[in-house]
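Asks: Model the following, please.
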Amino acid sequence: MHGTTIIAVHKNGATAIAGDGQVTFGETVMKQSAVKVRRLEGGVLVGFAGAVADALTLLEKFEEQLELAKGALRRAAVETVKLWRTDRILRQLEAMLLVADASEILLLSGTGEVIAPDEPLVAVGSGAPYALAAAKAMYRETELGAAEIAEKALKIAAEIDLYTNGNATVLSSGGQE
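Replies: This next block holds a predicted model:
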């Protein structure tokens, strides 16, 4: 996925998700201040990477499943991915979702995966490797909270990845941030 970076961090009972604000069209930056993270009912946080219309369609489907699952994050994630993989039209969508609540982070992909990372950190998008490496270092070696780690990691990724900017939107949920 080119054109965005989303990172989620869980630490000390808090979860934060950060997304950069850059929208590109091919090699051209079209917008600097897009918001690619959302807060849903029950403190659920969502970030998306990929084609915007596709991502928003998947976000809608996830929100519907979250309501049906009465806020159960993992169940809603699995049902969303089932729809994504079995519906002929949804199967064509090119996007990834990070979904999180105060206790867990999940990555949803169009290839049928619902991944709970081994460490409470995950990133998607073109700057994901850089943001994830920075977040891991800060998570392991500092006392920073989830929101601070997510924001700083995104800004570090923006220094390296051409498709990520430092205009971070950070949302958090749960305990100490």
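
Asks: okay, CA-based contacts and neighbour counts for the rest of this
Replies: Will do.

Asks: Would you check that residue 164 makes contact with residue 22?
Replies: Yes - using Cα atoms under 8 Å, residue 164 is in contact with residue 22, at 6.1 Å.

Asks: higher neighbour count, those two?
Replies: residue 164 (30 against 24; other Cα atoms under 10 Å).

Asks: dump the residue contacts of the more buried one.
Replies: Neighbouring residues of residue 164 by Cα atoms under 8 Å, 6 or more residues apart in numbering: 3, 4, 5, 20, 21, 22, 126, 127, 157, 158.

Asks: cutoff 6 Å now
Replies: 4, 158 (Cα atoms under 6 Å, 6 or more residues apart in numbering).

Asks: Could you give the number of residues near residue 7?
Replies: Neighbours of residue 7 using other Cα under 10 Å come to 29.

Asks: Ramachandran coordinates for residue 105?
Replies: Backbone torsions of residue 105, given as degrees, to the nearest 10, read phi -120, psi 140.

Asks: Look up how far residue 173 lies from it.
Replies: 12 Å (Cα to Cα, to the nearest Å).

Asks: Residue 83 now?
Replies: 27 Å.

Asks: what about those two, which has more around it?
Replies: residue 173 (23 against 19).

Asks: Is it correct that that one falls within a helix?
Replies: No - applying DSSP: H, G, I helix; E, B strand; the rest coil, one finds residue 173 to be strand, outside a helix.

Asks: Let me see the mean pLDDT of whichever strand or helix holds residue 66.
Replies: In this assignment (DSSP states H and E), residue 66 forms part of helix 52-68. Average pLDDT, helix 52-68: 89.

Asks: name the helices or strands packed onto that helix?
Replies: If you count contacts as 3 or more Cα pairs under 6 Å, 6 or more residues apart in numbering; DSSP states H and E, helix 52-68 packs onto helix 73-86.

Asks: mind checking how far the following helix or strand past the helix it packs on is from the chain centre?
Replies: Using DSSP H and E, the helix or strand that follows helix 73-86 in sequence is strand 95-100. Relative to its chain's centre, strand 95-100 lies at 5 Å (Cα atoms, centre = their mean, to the nearest Å).

Asks: Could you do stretch 79-94 as well?
Replies: Centre-to-centre, stretch 79-94 and its host chain are 18 Å apart (Cα atoms, centre = their mean).

Asks: Check what contacts that stretch and list those residues.
Replies: Counting by Cα under 6 Å, 6+ apart, 50, 51, 54, 62, 112 sit against stretch 79-94.

Asks: Residue 58 versus residue 80, what's the distance?
Replies: Residue 80 is 8 Å from residue 58, by Cα to Cα.

Asks: mind listing what the helix or strand bottoming out on mean pLDDT in the chain pairs with, with the direction of each?
Replies: Ranked by mean pLDDT, DSSP states H and E, the weakest helix or strand in the chain is strand 23-25, scoring a mean of 82. Next to strand 23-25 in the sheet, as set by DSSP bridges, lie strand 28-31 (antiparallel).
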